[in-house]
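In: The following comprises the amino acid sequence and a computationally predicted model.
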Amino acid sequence: MPGKTISEKILSRKSRQDACVGDLVICEVDVAMGTDGSVPMAIDFFRQMGGTRVFDPERIVFVLDHYACRLQPEAGDLHVLIKEFAVQHGITVYDAGEGISHQIMMESGRTGPGRLLVGADSHSVTGGALNAFATGIGSSDLAATMISGRIWLKVPQSIRVILDGQCEEGVHAKDVALALARAIGSDGASYMTLEFQGQAAGDMNIDDRLVLSNMAAEMGAKAGIFRADQKTSAYLAPRGAGDIIEVDADPDARYFSQITLDLSELTPLIACPHAVDNVVNISEVAGTPIQMVYLGTCTGGRVPDFHQALAILKAHPRIAPGVQLLVTPASREVEAELRKDGTLDKLIDLGAIMTPPGCGSCCGTAGPIPADGVNVLSTANRNFKARMGNAKAAIYLASPAACAAAAITGRITDPRLLMGSSR
Amino acid sequence: MRIDIQGRARVFGDNVNTDYIVQSSRKKETLNPKVLRQYLLESVDPSFANSIQPGDLLVAGKNFGCGSAMEVAVSVVLAAGIQAVVAASFARTYYRNAVNNGLIPVECDTSAICEGQRLRVLLDDSGVRVLNVSTGTEISGSPLPGIMLDILSAGGLVPYFKAHGGFVTDLR
């Protein structure tokens, strides 16, 4: 019998059977998560399905992140609806302003090695960075899980992604993710798991692993999973994650394909409108005017991301005239740390505008919306037309460092060109 | 079970993402699919929503429904009177959401289907076929796994759960 991938192992354990690629299995879910973008419909489905009680309120969590800054009165109505349901069933709610669901799933110790997490949001795959099988579902699946504690899944094939080498200065985890999007394409990992291996995967800190797991969704992947190691344990230790059962692939596990990426060969990259896999070297579009720069989201809104941006920004007195610099920390914990170490004050002094922790401007639901004709450079994961709420704006995606460079010059700029002056 | 529907092909390209199907930002006004249907695919073709006739079928290239897992991207299609999406491939969350809501997802080669052609979609235990009535050709599609057929034939996950109280399909 051939060895198993991480996905096969976790889904075997959760379905209590020998699960192999292609099998349909019904699994016990460790935690089910919903957001204000998905829970209102899930409540409707729950009631229509005849649901009267949830399987285990301790294993369900709601996070109000998409409408963290309520721009319409209707968003407030949705929040009331969610909170009433949560109180009735004893479910924990993280209120608007607490942060992005995926970040909170991590910070609260709900995500951990070997766990099966389902989240009613596509970027639920972020949890794979902590060795969980974490995947995105819709509202109807969330409703069925809330009732039964179970979900049916097809055991996915896995692509082995081997990360070697070390990024040069000025090249970051986001560039690695964009390089993968370019190599794999927007549907190249459809229905599959990306399993990250190699020396560079082990060298990466958790915050960088999160970027890659998060962006797995942009390649169509069902999950994006790292091995667990000391960094995983160190991250989870203070977070009450409970018993940790690390899951690794067998040496003779079977993979659909293998991709090797030498990080030392990468240069700063950028995804151009309107597709995440429309990736070029940043030098190819250098000079393109940028009117809005966005630092935040479940991809690029953590402490090291803002430090990365500030390292470029700090040598300059102020951002370029005509540039709007938006800052949205991924969570209150991130915000508190940035306040404590002075990063927030420095960003505000440079001219940044703050919005409350949450999804912010990323999907046009909780922050400033770009005007017609505006070019946005963002640390987010998605640049579809109208993604930020205006089909007449164009969205580019890059690392926090590249976003910072554009905030200084008002144009797309290779961040390495500004690094000399930041020393 | 047996599904046999006919309709007019409304053809789109590859990578039609959920934000194109319905913008996330429209959701902050309402979640009612009967209201949201006026915005269906507005980013791709602003005149599309008004041009839909009863029985129209969506036809697309690869990776239909990529991006967000938001389920209104399925319910808005149903609310517009469209019963099936025929695409070269689907994003996994869209495929699940479609089955769960009783929107029929048919995966097959769509490269030869043209706007306005008449299609007949036949789906039963033996497989999936798409007949291009306008050209007299037949395309075979990927069969649906058992539990998906069960959910689809029940009319979606709501009637399936209502009838069974949980997952009852034997998957082994």
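Out: Ah, there it is.

In: Give me every residue in the stretch 51-200 of chain A lying close to chain B.
Out: By CB under 8 Å from any CB of the partner chain, the residues of the stretch 51-200 of chain A that approach chain B are A:66-67, A:71-72, A:74-75, A:78, A:120-122, A:124, A:136-141, A:143-144, A:147-148, A:150, A:152, A:154, A:186-187, A:190-191. From N, CA and C alone the C-beta is placed, and that goes for glycine too.

In: switch to 7 Å and redo it
Out: Taking CB under 7 Å from any CB of the partner chain as the criterion, the stretch 51-200 of chain A approaches chain B at residues A:67, A:71-72, A:74-75, A:120-122, A:136-141, A:144, A:147-148, A:150, A:152, A:154, A:186-187, A:190-191.

In: Please list only the buried members of those residues.
Out: Those of these that meet the buried threshold are A:67, A:71, A:75, A:120-122, A:136-141, A:144, A:147-148, A:150, A:152, A:154, A:186-187, A:190-191, by 16 or more other CB atoms under 10 Å in any protein chain shown.

In: thinking again about what came up before, mind checking which of the residues of the stretch 51-200 of chain A next to chain B are in helices?
Out: Residues of those located in helices (DSSP state H): A:74-75, A:139-141, A:144, A:147-148.

In: what's the weakest-modelled helix or strand in chain B?
Out: helix B:146-154 (a mean of 89; mean pLDDT, DSSP states H and E).

In: in the next helix or strand after that one, what's buried?
Out: Toward the C-terminal end, the helix or strand that comes next after helix B:146-154 (DSSP states H and E) is helix B:157-164. Buried positions in helix B:157-164, judged by neighbour count with 16+ other CB under 10 Å: B:157-158, B:160-161.

In: what's the offset of helix B:157-164 from the middle of its chain?
Out: Chain-centre distance of helix B:157-164: 20 Å, with CA atoms, centre = their mean, to the nearest Å.

In: Can you show me the CA trace of that helix as PDB?
Out: C-alpha atoms of helix B:157-164 as PDB (Å, rounded to 0.1, in the frame of the first residue of the first chain):
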ATOM      1  CA  LEU B 157     -29.000  20.100   0.600                       C
ATOM      2  CA  VAL B 158     -32.000  21.700   2.300                       C
ATOM      3  CA  PRO B 159     -34.500  19.100   1.100                       C
ATOM      4  CA  TYR B 160     -31.900  16.400   1.500                       C
ATOM      5  CA  PHE B 161     -31.300  17.300   5.200                       C
ATOM      6  CA  LYS B 162     -35.000  17.800   5.800                       C
ATOM      7  CA  ALA B 163     -35.800  14.400   4.400                       C
ATOM      8  CA  HIS B 164     -32.900  12.500   6.100                       C
END
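
In: ok, which stretches of chain B are helices?
Out: B:18-21, B:33-36, B:48-51, B:72-79, B:92-101, B:146-154, B:157-164.

In: Likewise for the stretch 201-350 of chain A?
Out: Here the stretch 201-350 of chain A has its helices, by DSSP state H, counting those that start in this stretch, at A:206-215, A:230-236, A:297-300, A:303-313, A:332-340, A:343-349.

In: and what of the stretch 1-150 of chain A?
Out: Taking DSSP H, counting those that start in this stretch as the test, the helices found in the stretch 1-150 of chain A are A:6-15, A:39-48, A:73-89, A:101-107, A:139-148.

In: elements contacting the longest one?
Out: Helix A:73-89 sits against helix A:39-48, strand A:92-94, with contacts defined as 3 or more CB pairs under 7 Å, 6 or more residues apart in numbering or on different chains; DSSP states H and E.

In: Quick one: those as a markdown table, columns for mean pLDDT and mean neighbour count too.
Out: Below are these laid out as a markdown table (pLDDT from 0 to 100; neighbours: other CB atoms under 10 Å in any protein chain shown):
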| stretch | mean pLDDT | mean neighbour count |
| --- | --- | --- |
| helix A:39-48 | 97 | 22 |
| strand A:92-94 | 98 | 19 |
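
In: Give the residue spans of chain B that score low on pLDDT.
Out: Flagging of chain B using pLDDT under 70 yields the residue ranges B:169-172.

In: So which residues on it come close to chain A?
Out: When proximity is defined as CB under 7 Å from any CB, chain B approaches chain A at B:15, B:17, B:19-20, B:23-25, B:27-31, B:43, B:62-63, B:66-71, B:89, B:91-93, B:96-97, B:100-101, B:145, B:147, B:157-158, B:161-162, B:166-167, B:171.

In: Can you tell me which of those are classed as buried?
Out: By neighbour count, with 16+ other CB under 10 Å, these hold B:15, B:17, B:19-20, B:23-25, B:27-28, B:31, B:43, B:62-63, B:66-71, B:89, B:91-93, B:96-97, B:100-101, B:145, B:147, B:157-158, B:161, B:167 as buried.

In: Smallest gap between the stretch 151-300 of chain A and chain B, at which residue?
Out: Per CB to the nearest CB, the residue of the stretch 151-300 of chain A with the smallest distance to chain B is residue A:187, at 3.8 Å.

In: what sits against that residue?
Out: Neighbouring residues of residue A:187 by CB atoms under 7 Å, 6 or more residues apart in numbering or on different chains: A:220, B:62-63, B:66, B:89.

In: Let me know the closest of the residues you listed to residue A:369.
Out: Taking CB to CB as the measure, residue A:369 lies nearest residue B:66 of the contacts of residue A:187, at 22.5 Å.

In: That closest one contacts residue B:14, doesn't it?
Out: No - if you go by CB atoms under 7 Å, residue B:66 and residue B:14 don't touch, sitting 9.4 Å apart.

In: now stretch B:99-111, how far from the centre of its chain.
Out: Distance of stretch B:99-111 from its chain centroid, counting by CA atoms, centre = their mean, is 5 Å.

In: no, scratch that, I was asking about stretch A:200-210
Out: Distance of stretch A:200-210 from the chain centroid (CA atoms, centre = their mean) equals 14 Å.

In: List the buried residues in it.
Out: Quick answer for stretch A:200-210 (16+ other CB under 10 Å): A:200-201, A:204, A:206-210.

In: Also stretch B:34-41?
Out: For stretch B:34-41, burial by neighbour count (16+ other CB under 10 Å) applies to B:36-37, B:39-41.

In: And for stretch A:10-22?
Out: Going by neighbour count (16+ other CB under 10 Å), the buried part of stretch A:10-22 is A:10-15, A:19-21.

In: who's the spatially most central residue of chain B bridged to?
Out: Central residue of chain B (CA atoms, centre = their mean): residue B:85, 3.2 Å from the mean position. Counting by DSSP bridges, residue B:85 forms beta bridges with residue B:58, residue B:105.

In: Would you give the sheet partners of the lengthiest strand in chain B, along with the direction of each?
Out: Longest strand in chain B by number of residues (criterion: DSSP state E): strand B:2-11. Using DSSP bridges, the strands paired with strand B:2-11 are strand B:57-60 (parallel), strand B:118-124 (antiparallel).

In: Domain map for chain A?
Out: A:6-262, A:270-422 (automatic domain parsing).

In: Switch those over to a markdown table; also include distance to residue B:56.
Out: Converted to a markdown table, the domains of chain A look like this (distance: least, CB to CB, whole Å):
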| stretch | distance to residue B:56 |
| --- | --- |
| domain A:6-262 | 23 |
| domain A:270-422 | 23 |
